[in-house]
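>>> below is the structure, and that's it, no one-letter string:
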């Protein structure tokens, strides 16, 4: 465990070993959160939009499911109308 002092501006240096382990490079942004009684620092993706693109690509498509529901409704309507 490392300890650090805060500067007059409230800055704290993340130890090199931790930066290396997390892949944090100079100038990169990190997230900072208060969790219970401590602070957590975590890496942020370089491009958040690119990071989340495709997260819903696995599994069934909502569009496909809606089109299938509509097809079944149309078949039911056609039977009722005798078409």
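That came in fine, so what should we check first? Remember, predicted model here, so these are calculated numbers, not experimental data. Residues are numbered from 1 along each chain as shown.
>>> now this structure, which segments are flagged as low pLDDT?
48, 50-52, 54-60, 83 (pLDDT under 70).
>>> the strands in it, which residues?
Listed in chain order, the strands of the chain (DSSP state E) span 30-35, 38-43.
>>> what lines up beside the last one in the sheet?
It stands for strand 38-43. strand 30-35 (antiparallel) (DSSP bridges).
>>> the chain: helices as residue ranges?
Taking DSSP state H as the test, the helices found in the chain are 16-22, 48-52, 62-81.
>>> can you say which of those helices is packed in most?
When you average the neighbours per residue for each of those (mean count of other C-beta atoms under 10 Å), helix 16-22 leads with a mean of 11. No exception for glycine: its C-beta is placed from N, CA and C like everyone else's.
>>> ok so, going back, most tightly surrounded among the strands of the chain?
strand 38-43 (a mean of 10).
>>> quick one: that strand to chain centroid distance?
Centroid separation between strand 38-43 and its chain, computed with C-alpha atoms, centre = their mean, to the nearest Å, is 16 Å.
>>> ok, residues contacting that strand?
Applying C-beta atoms under 8 Å, 6 or more residues apart in numbering, the external contacts of strand 38-43 come out as 14, 22-24, 28, 30-34.
>>> dump those residues into TSV; add distance to residue 42 as well.
Conversion of the contacts of strand 38-43 to TSV gives the following (distance: C-beta to C-beta, whole Å):
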residue	distance to residue 42
14	11
22	8
23	12
24	10
28	12
30	6
31	5
32	8
33	8
34	13
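>>> of all those residues, which comes closest to residue 71?
Nearest to residue 71, judged by C-beta to C-beta, of the contacts of strand 38-43 is residue 31 at 44.7 Å.
>>> any idea what the closest one is bridged to?
Where residue 31 sits in a bridge, its partners, by DSSP bridges, are residue 42.
>>> and residue 26, how many residues sit next to it?
Using other C-beta atoms under 10 Å, residue 26 has 5 neighbouring residues.
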